[in-house]
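S.K.: 3D model of this:
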Amino acid sequence: MKHLQGLQDQVNLAMETLELPNQPSLLYDPISYTLSNGGKRMRPLLVLMGCKVFSEDISQAVHPAIGIEVFHNFTLLHDDIMDNAPIRRGKPAVHSKWNSNIAILSGDAMMILAYQELCKTDPSVLPQILEVFNKTALEVCEGQQLDMDFETAEDVSIADYLNMIRLKTAVVLGGGLQVGAIIAKTDSEQADLLYQFGLNTGIAFQLQDDILDVYGESHKVGKQKGGDIIASKKTFLLLKAMELAKGEEAESLKKWLASNSESEKVKAVTEIYNRLGIRTLAEEQMWDYYNKGISSLNQLQGDKEWIGILRAFSENLMHRES
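M.R.: Numbering: from 1, shown residues only. Predicted structure coming up:
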């Protein structure tokens, strides 16, 4: 994966050399703190890879790639406030380290910085890029609102959940790839195939996260095992269990969802999942979306080496343990 490492190095260098004003410090220090806090930086990498599929020259894709990464981090900053999450990537979240007002305003500034980076590209394709970005950004907001709505809703369906993770998570992956393709000036059909690859594999990655939350090893996942169960979060696994559980099993599941006994709750709900075969059903759904994505990738007519690199990249993500 030497070629991929080269792109990763470009992303890291661009992030490290991103120039921010010094004052007011309480506006910009939290932004520097957020952007230097690591993360996979998968989204900007996908922008560059999407461009590479159709063009050797990715110089016009670097700034938009960074813009999408800044946007992604902005959403995390505001999500942490809404979720009252104290930790992000092993460090205090911005609202914990400073306060919520500072986090809100710094997040707003990050959204503007994202637009500034997006606009530093070929003017001939900028309207198309902004159209994709604006659509994606609005969909992410819709997904976050649906996620919050689901916390209290009683009638969430599996279709509702899949639509929510499509909006909240997958559209950014698809949109990033599509932006890269647009910068390479490929035709709209090819750009859409790349988008569909990112969208469907993005849904698969989120379903995998749901499975790992319950069945992954805590030290590998990097977070508390069974956190979704403790929070009674309406994931695919829980919704499928609620759909399939009958009689005493349904009553037992309902009882444990109302419980505050964390370790016992995780153990009991996991046992219900096991009896109902939930893990297998979730994995079947996950691989169905992943294969849809690969089907779109197989129809691309771009550089075969970079298409292969994209395929290998997605395969590595599907076999991760955290």
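S.K.: If you rank every helix and strand of the protein by mean pLDDT, what lands last?
M.R.: Within the chain, no helix or strand scores below helix 218-221, which has a mean of 48 by mean pLDDT, DSSP states H and E.
S.K.: How about the contacts made by the residue nearest to residue 54 when sequence neighbours are not counted?
M.R.: Nearest non-adjacent residue to residue 54, counting by Cβ to Cβ, 6 or more residues apart in numbering: residue 184, 3.6 Å away. In this view, the C-beta of every residue, glycine as well, is placed from N, C-alpha and C. If you count contacts by Cβ atoms under 8 Å, 6 or more residues apart in numbering, residue 184 has them with 50-55, 61.
S.K.: Now render those as CSV, adding neighbour count.
M.R.: Below are these laid out as CSV (neighbours: other Cβ atoms under 10 Å):
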residue, neighbour count
50, 33
51, 30
52, 25
53, 26
54, 22
55, 20
61, 29
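S.K.: From residue 308, how far out is the residue nearest to residue 54?
M.R.: 17 Å (Cβ to Cβ, to the nearest Å).
S.K.: same question, residue 4
M.R.: Counting by Cβ to Cβ, the gap from residue 4 to residue 308 is 11 Å.
S.K.: How about residue 229?
M.R.: 38 Å.
S.K.: give me the low-pLDDT residue ranges for this protein?
M.R.: Low-confidence segments of the chain, defined by pLDDT under 70: 1-2, 218-224, 321-322.
S.K.: tell me which strands and helices the longest helix anywhere in it is in contact with?
M.R.: Looking across the chain with DSSP state H, the single longest helix is helix 188-215. Packing partners of helix 188-215 (3 or more Cβ pairs under 8 Å, 6 or more residues apart in numbering; DSSP states H and E): helix 158-165, helix 171-183, helix 227-230, helix 236-244, helix 278-298, helix 304-318.
S.K.: Return the angle between stretch directions for the longest one and helix 304-318.
M.R.: Regarding helix 278-298 and helix 304-318, their directions subtend 170 degrees when assessed with axes from the mean of the first three to the mean of the last three Cα atoms, to 10 degrees.
S.K.: Pull out the buried positions in stretch 80-92.
M.R.: Neighbour-count burial for stretch 80-92, counted by 16 or more other Cβ atoms under 10 Å, picks out 80-81, 88.
S.K.: Repeat that for stretch 194-210.
M.R.: Per 16+ other Cβ under 10 Å, stretch 194-210 contains these buried residues: 194-210.
S.K.: picking that back up, just the buried residues of stretch 80-92: which are in strands?
M.R.: residue 88 (DSSP state E).
S.K.: Closest one to residue 102 out of the buried residues of stretch 80-92, please.
M.R.: residue 81 (10.4 Å; Cβ to Cβ).
S.K.: hang on, the closest one packs against residue 100?
M.R.: Yes - here residue 81 lies in contact with residue 100, judged by Cβ atoms under 8 Å, at a distance of 5.4 Å.
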